[in-house]
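Asks: Pasted the sequence and its predicted model underneath.
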Amino acid sequence: MTARNDSVVIITGGSRGIGRAAALKAAAQGFKVVVAYATNEAAANDVVSQIEATNGKAIAVKCDVGSEADILALFKAADAFGPLGALINNAGIVGPTIRVEDMTAERINRMMAVNVTGSFLCAREAVKRMSTKHGGKGGVIVNLSSVAAKLGSANTYVDYAASKGAIDTFTVGLSQEVATEGIRVVGIRPGLIDTEIHASGGEPDRAHRLSVHVPMKRVGTADEIANAIVWLLSDDASYVTSSILDVSGGR
Ligand code: NAP
């Protein structure tokens, strides 16, 4: 099954970076886009305005994916916008660079709540709406992982890398649960992508500094990840499920 182009796609963290690029490209494909954001309302409204300026349809909805109540409210708002056809579990956080021996339980729990539990709960709500078993018309779930899941992010943020390892396993397991219910579940592991996430980890230039270690010797762009996302949403990927695609310049 493939996401229907006149259906709604929910993009968590759709206000900036990869989520923003995916929102613009999904709208160009005909999706009605729910741009979910955590705090930056102005950035989310800017994405909505850009989509509307090209005759697309979009709404901005505040949702901290670390909060189940916010997630339920997000899906309620999406229900009022139209039938759900796709979910992009994109919202994710890193933390300041730190070794495991210095991590607090509070930091680790927040990382897992946002990156892992948030993705599970959003997927739960999406499956309830899209599964043919529940009377839905099928759809696609795209989970944003990271090459960190394979590399481990030693001396940087092992908790983040481990959260993305959980996302990879989640992608495989959920895809198999719903494979005969019209839903494809896929993952993308971005490499070093030029977004503001690196500044939130304390080093705005991190991606560029590490780009010498990338076989292609450059960082990637949010658009290059969004291109993979919209392909995975499309009919062209109709036999692709349970797969996790590295989009990382070879890293
Ligand atoms: P980004 O530029 O930092 O943008 C993060 C987005 O997520 C923003 O829209 C932000 O909303 C939202 N967000 C942050 N915390 C949230 C929360 N608690 N609940 C809901 N939304 C939240 O990030 P990005 O680089 O585009 O990353 C997107 C995804 O790709 C993440 O899952 C990340 O782990 C993954 N990834 C990124 C890279 C990379 O190099 N950039 C590499 C591998 C994987 P506000 O605008 O409201 O703050």
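Replies: Ah, there it is. Numbering: from 1, shown residues only.
Asks: Buried residues of the longest strand along the chain, list them for me.
Replies: Counting residues, the longest strand in the chain under DSSP state E turns out to be strand 183-190. For strand 183-190, a neighbour-count test (16 or more other CB atoms under 10 Å) marks 183-190 as buried. Where you see a C-beta, it was placed from the backbone N, CA and C, and this is true even at glycine.
Asks: Can you sort out which of those also neighbour the ligand?
Replies: Taking CB under 6 Å from any ligand atom, the overlap between those and the neighbourhood of the ligand is P190.
Asks: still on that earlier bit, tell me the mean pLDDT over the longest strand of the chain?
Replies: Strand 183-190 shows a mean pLDDT of 98.
Asks: Also stretch 61-72?
Replies: 98.
Asks: which parts of it are buried?
Replies: For stretch 61-72, by 16+ other CB under 10 Å, it's 61-67, 70-71.
Asks: just checking: which of those also lie near the ligand?
Replies: Among these, the ones lying near the ligand by CB under 6 Å from any ligand atom are 63-66.
Asks: Using TSV, please lay out those residues together with secondary structure.
Replies: Shown next, in TSV, are those (DSSP: H, G, I helix; E, B strand; the rest coil):
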residue	secondary structure
C63	coil
D64	coil
V65	coil
G66	coil
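Asks: Which of these sits closest to R99?
Replies: Nearest to R99 out of these is G66 (CB to CB; 23.8 Å).
Asks: Quick one: name whatever helix or strand follows the strand or helix carrying I59.
Replies: Assigned by DSSP states H and E, I59 falls within strand 58-62. Later in the chain than strand 58-62, the nearest helix or strand by DSSP H and E is helix 68-81.
Asks: by contact count, what packs against the lengthiest helix in the chain?
Replies: Counting residues, the longest helix found in the chain (DSSP state H) is helix 158-177. Contact analysis of helix 158-177 by 3 or more CB pairs under 8 Å, 6 or more residues apart in numbering; DSSP states H and E lists helix 105-112, helix 118-130, strand 139-144, helix 148-151, strand 183-190, strand 244-247 as its packing neighbours.
Asks: What parts of the stretch 51-200 of the chain come near the ligand?
Replies: Neighbours of the ligand within the stretch 51-200 of the chain, by CB under 6 Å from any ligand atom: 63-66, 90-93, 114, 144, 146, 190, 192-193, 195-197, 200.
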